[in-house]
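[1] Build the 3D model from these lines:
(one chain, ligands or ions: 1)
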Amino acid sequence: MAAVGAVSRALAELHARLAVVDGGAVADYIPQLALADPAAFGLALVSMDGHRYSAGDALAPLTIQSVSKPFVYALALAELGLDAVTARVGAEPSGEGFNAISLEPGTGRPANPMINAGAIVTTSLIPADSPGERFARILACLSAFAGRQLDVDEAVYASESRTGDRNRALAYLMRGAGSLTGDVEQAVDDYFRQCAVRVTAADLAVMAATLAGGGVNPVTGEPVVPELTAERVLAVMATCGMYDAAGDWLLRVGLPAKGGVSGALIACSPARFGIAAYSPPLDPVGNPVRGVLALRELSERYALHLMHHPGAAPATVARDLHGESVALVTAQGPLEFTTTERLLSALADAVAPLPSAGGVVLDLDRVTRVDGASAAMVREELTALRRRGLTVAAVGEAGAAVLDDPDHVFGTRERALAWCEQQVAAAEPPAELHRPGDLAGQPGDPHW
Ligand SMILES: NC(=O)CC[C@H](N)C(=O)O
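    Here you go, the predicted model:
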């Protein structure tokens, strides 16, 4: 309960302090956006467990604008794959404004999907049998990210459609260059609708948390996009999400983020939470003034910078010897690269002194999680040990994930040890045939 109160208090305190910050200007190039209340200010945060926190105007409606871009990019990646998408839209920071004509010389390929040019192409890539179907799929995807059915603010859509000459011009330029194919007016129309989808800061925090959580919506539990897709979107947000402020943002805040001209801003702390801020006044780059300050502070206070050293890996590994011929290696906690490397090095030390027909028990009963690459590393090592003639047994669910032979996986360490000792005893040659010279030269072999 204490942690719950602490997060709410931190948001409330930040909200109170930043609500008085002046500066910035409400976007007015889309006339309808100029009607926004410059004092509106909401913060929302959603944890990986789906816990929701908010302060201020977190339920005030706003249009999603550019914050839609990473989510539609996610949809394109999930549908078409990385190669097909990057063939049409790059992944390089443009170092320019969101509406810049950032097209690769020669190909006309837009620099990245977080600027308007790249977003218009990305939207046009969403597979659909009819024009109406494309936007319906985009809206369904944004709704799945938010965990509720979203709709379009028709007034904002109409307002941008009436005045969006620059985006139309960009789209025609790209068609001229060959990077945008198909119906230009339709592509721009779908893009304007996508930007006019109505959300709240609370929705945006759920959407950000879904990207931070590997593509699974932490509130509804629905898998929205594959984990690898979410990871890739976060990478592009980290380098390109804040337009020409992206480098400074990565330096100071260090979180994948995306801002929009309505005053929306999201940031994702991978495997931790998603956060959203809503405050209409924008800085000269087009990012919301209060939102940027809020995220800067939160990142610093909770040490969220992506490059922050996470501290020692949490898994612990222990080893000991049972009798003369059986080693026991035990690991606890999550197994990922660092802890798996630690486990494999303990395993190598543990088997070094064993006789050639010895045995090893790998007790992973208290391992909480094994990623695929780690399981493969351990499996490879165990296979090599078995080829060398050692008897290998594993314990627990994680044990079953790393040992190919289910007959050698046990529910308890006692049963594994008993079985292993029995196998080793049966395999051991009679005492009179022991020839100490056989294994001479094996380093650190205490048996001989
Ligand atoms: N940065 C933004 O939010 C821009 C989105 C807006 N709909 C535009 O295309 O101009």
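[2] Enumerate the positions of stretch 284-296 that are buried.
    For stretch 284-296, the neighbour count (16 or more other Cβ atoms under 10 Å) marks 285, 286, 287, 288, 289, 290, 291, 292, 293, 294, 295 as buried. To be clear about C-beta, it is placed using only N, CA and C from the backbone, and glycine gets the same treatment.
[3] repeat for stretch 294-304
    Of all the residues in stretch 294-304, those buried under the rule 16+ other Cβ under 10 Å are 294, 295, 297, 298, 299, 304.
[4] just curious, which of these is nearest to the ligand?
    residue 295 (16.7 Å; Cβ to the nearest ligand atom).
[5] I'd assumed the closest one was in a helix, is it?
    Yes. The assignment for residue 295 is a helix, going by DSSP: H, G, I helix; E, B strand; the rest coil.
[6] isn't it right up against residue 258?
    No. With contact defined as Cβ atoms under 8 Å, residue 295 does not reach residue 258; the gap is 11.2 Å.
[7] and for those two, which residues touch both?
    residue 265 (Cβ atoms under 8 Å, 6 or more residues apart in numbering).
[8] Pull up the residues of the stretch 51-200 of the chain that are close to the ligand.
    65, 66, 98, 99, 116, 160, 167, 195 (Cβ under 6 Å from any ligand atom).
[9] Mind doing that once more with 8 Å?
    Residues of the stretch 51-200 of the chain lying near the ligand by Cβ under 8 Å from any ligand atom: 63, 65-67, 98-99, 116, 119, 160, 164, 166-167, 191-192, 195-196.
[10] quick one: low-confidence parts of the stretch 301-448 of the chain?
    Residues of the stretch 301-448 of the chain meeting the criterion pLDDT under 70: 428-448.
[11] which one of the buried residues of stretch 284-296 is nearest the ligand?
    Out of the buried residues of stretch 284-296, the member with the shortest distance to the ligand (by Cβ to the nearest ligand atom) is residue 286, at 5.3 Å.
[12] which stretch of helix or strand covers the nearest residue to residue 294 once chain neighbours are set aside?
    Of all residues not flanking residue 294 in the chain, residue 277 sits nearest, at 5.1 Å (Cβ to Cβ, 6 or more residues apart in numbering). Assigned by DSSP states H and E, residue 277 belongs to strand 273-278.
[13] same question, residue 123
    Assigned by DSSP H and E, residue 123 belongs to helix 116-125.
[14] what's the distance between that helix and the middle of its chain?
    Chain-centre distance of helix 116-125: 22 Å, with Cα atoms, centre = their mean, to the nearest Å.
[15] which other helices and strands contact it?
    On a contact count with 3 or more Cβ pairs under 8 Å, 6 or more residues apart in numbering; DSSP states H and E, helix 116-125 meets helix 68-80, helix 82-86, helix 165-177, helix 184-195.
[16] And the next helix or strand past it?
    Per DSSP H and E, the first helix or strand lying C-terminal to helix 116-125 is helix 131-146.
[17] so after that next one, what's the next helix or strand?
    strand 151-152.
[18] nearest residue to residue 232 other than its sequence neighbours?
    Once flanking residues are discounted, residue 232 sits nearest to residue 77: 5.9 Å by Cβ to Cβ, 6+ apart.
[19] In contact with the one you found, which residues are there?
    Contact analysis of residue 77 by Cβ under 8 Å, 6+ apart lists 85, 225, 229, 232, 233.
[20] run the last query once more with 10 Å
    Neighbouring residues of residue 77 by Cβ atoms under 10 Å, 6 or more residues apart in numbering: 84-86, 113, 122, 125, 225-226, 228-230, 232-233, 236.
[21] With neighbour count, pLDDT and distance to residue 72 added, can I get those in TSV?
    Below are the contacts of residue 77 laid out as TSV (neighbours: other Cβ atoms under 10 Å; pLDDT from 0 to 100; distance: Cβ to Cβ, whole Å):
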residue	neighbour count	pLDDT	distance to residue 72
84	12	96	15
85	21	97	11
86	17	96	15
113	31	96	8
122	28	98	6
125	25	97	9
225	23	98	11
226	15	98	16
228	13	97	17
229	22	98	12
230	25	98	14
232	20	98	14
233	29	98	10
236	26	96	12
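[22] Could you tell me which residues of the stretch 251-400 of the chain lie near the ligand?
    Going by Cβ under 8 Å from any ligand atom, the residues of the stretch 251-400 of the chain near the ligand are 259, 260, 261, 262, 264, 286.
[23] which ones among those residues are found in strands?
    Among these, the ones falling in strands (DSSP state E) are 259, 264.
[24] Find the closest residue to the ligand in the stretch 101-250 of the chain.
    residue 195 (3.5 Å).
[25] correct me, but that residue touches residue 65?
    Yes. Taking Cβ atoms under 10 Å as the definition, residue 195 is a contact partner of residue 65 at 4.9 Å.
[26] Residue 393: which element?
    Element membership of residue 393, judged by DSSP H and E, is strand 391-395.
[27] Count the neighbours of residue 381 for me.
    19 (other Cβ atoms under 10 Å).
[28] dump the residue contacts of the residue of the stretch 101-250 of the chain closest to the ligand.
    By Cβ under 10 Å, 6+ apart, the neighbours of residue 195 are 30, 63-69, 116, 119, 123, 152-153, 156-157, 160, 164, 167, 260-262.
[29] which of the residues you listed are buried?
    Judged by 16+ other Cβ under 10 Å, buried ones among the contacts of residue 195: 30, 63-69, 116, 119, 123, 152-153, 156-157, 160, 164, 167, 260-262.
[30] just how off-centre is the strand holding residue 277 within its chain?
    The answer for strand 273-278 is 15 Å, by Cα atoms, centre = their mean.
[31] Give me the nearest residue to residue 208, chain neighbours excluded.
    residue 274 (2.9 Å).
[32] Looks like the one you found contacts residue 230 (just checking).
    No. Residue 274 is beyond contact range of residue 230, at 11.0 Å (criterion: Cβ under 10 Å).
[33] Give me the common contacts of the two.
    210, 211, 212, 213, 268.
[34] mind listing which of the residues you listed are in strands?
    Among the shared contacts of residue 274 and residue 230, the members falling in strands (DSSP E) are residue 268.
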